[in-house]
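Asks: Model the structure of this input:
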Amino acid sequence: MSWESSAEYYRFINEAVRDRLGGFHAARCLMFSFDFADVQTLQAKGDWQEAGRVLAGAARAVEAGGADLLILCTNTMHEVADTVQEAVSIPLIHIADPTGERVSADGHAIVGLLATRYTMQRDFYRARLLERHGLTVLVPDEAGRDAVHEVIYAELVKGVVRDESRARYREVINDLVERGAEALILGCTEIELLIGEADSPVAIYDTTRLHAEAAVDLALADGA
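Replies: Residues are numbered from 1 along each chain as shown. I've put the predicted structure just below:
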């Protein structure tokens, strides 16, 4: 939910609209941008109920502004996706679904997941990939989870991209591949700032781009 990844969402969505419609077209959209410090505090406290209340309020504001569909530009906060969806009448596109659909369509059954500690360890995300898309999800060992999480919060959400961190991520990726991962999901919307196809021996699926593309698909299909 940092502005670093929100800016990428905005770019991906507008590029997709431009490419599909041509001319001077751009996306008609509303963005509710949070103070990430407030969200991070609730995450660290494990106060998901209050986090859900806060995000639901923002969702209602976006709907009142005229939005026809909603995306929550974060993997971790899909912990409260049901609460957000219940607060509005417009559809919420769950970030795990376009990713799971693409990975499954490409014939992969076992995936490695890089994400915040919350997303890697809690069940809301991995269970959805398994139950809805038939994907077995591997996560790094404890040291790997700590490293991936620390880089996200100490660096990426602040716009810091370091070669040393990229090298550490590559080690974690290689370990997941050795354990059987056939593909890799970048399950935090900031990770694409650091990691790309060249950093992995298996296919990479960037949830940020796939989520943005799914939003454009639905918006244009509905004439939004």
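Asks: Going along the chain, name the helices of this protein.
Replies: 3-21, 36-45, 48-64, 81-87, 96-105, 117-121, 123-133, 142-154, 163-178, 207-221 (DSSP state H).
Asks: got the angle for the first one vs helix 36-45?
Replies: The reference is to helix 3-21. 110 degrees (axes from the mean of the first three to the mean of the last three CA atoms, to 10 degrees).
Asks: which residues touch helix 3-21?
Replies: 25-27, 29, 31, 33, 36, 71, 73-74, 156-159, 189-190, 192-193, 208-209, 211-213, 215-216, 220 (CB atoms under 8 Å, 6 or more residues apart in numbering). Using the backbone N, CA and C atoms, a C-beta is placed for each residue, glycine as well.
Asks: how about the residue positioned nearest the centre of the chain, what does it touch?
Replies: The C-alpha lying nearest the average C-alpha coordinate of the chain belongs to residue 75 (CA atoms, centre = their mean; 3.8 Å). Shown in contact with residue 75 (CB under 8 Å, 6+ apart): 95-96, 115-116, 119, 125, 187-189, 207.
Asks: Run through the protein and note the low-pLDDT ranges.
Replies: Within the chain, the stretches with pLDDT under 70 are 222-224.
Asks: how does it divide into domains?
Replies: 3-94+210-221, 96-207 (automatic domain parsing).
Asks: deepest of those domains, which one?
Replies: Comparing the domains of the chain by mean neighbour count (mean count of other CB atoms under 10 Å), domain 96-207 ranks first with a mean of 19.
Asks: how far does it sit from the chain's center?
Replies: Centroid separation for domain 96-207 versus its chain: 10 Å, with CA atoms, centre = their mean, to the nearest Å.
Asks: Need the distance between the two termini of it.
Replies: 8 Å (CA to CA, to the nearest Å).
Asks: and what of stretch 92-109?
Replies: Stretch 92-109 has an end-to-end distance of 26 Å (criterion: CA to CA).
Asks: now swap in stretch 105-117 and tell me
Replies: 27 Å.
Asks: Could you export the helices of the chain as a markdown table, including distance to residue 199?
Replies: Converted to a markdown table, those look like this (distance: least, CB to CB, whole Å):
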| stretch | distance to residue 199 |
| --- | --- |
| helix 3-21 | 17 |
| helix 36-45 | 25 |
| helix 48-64 | 31 |
| helix 81-87 | 29 |
| helix 96-105 | 18 |
| helix 117-121 | 18 |
| helix 123-133 | 21 |
| helix 142-154 | 13 |
| helix 163-178 | 5 |
| helix 207-221 | 16 |
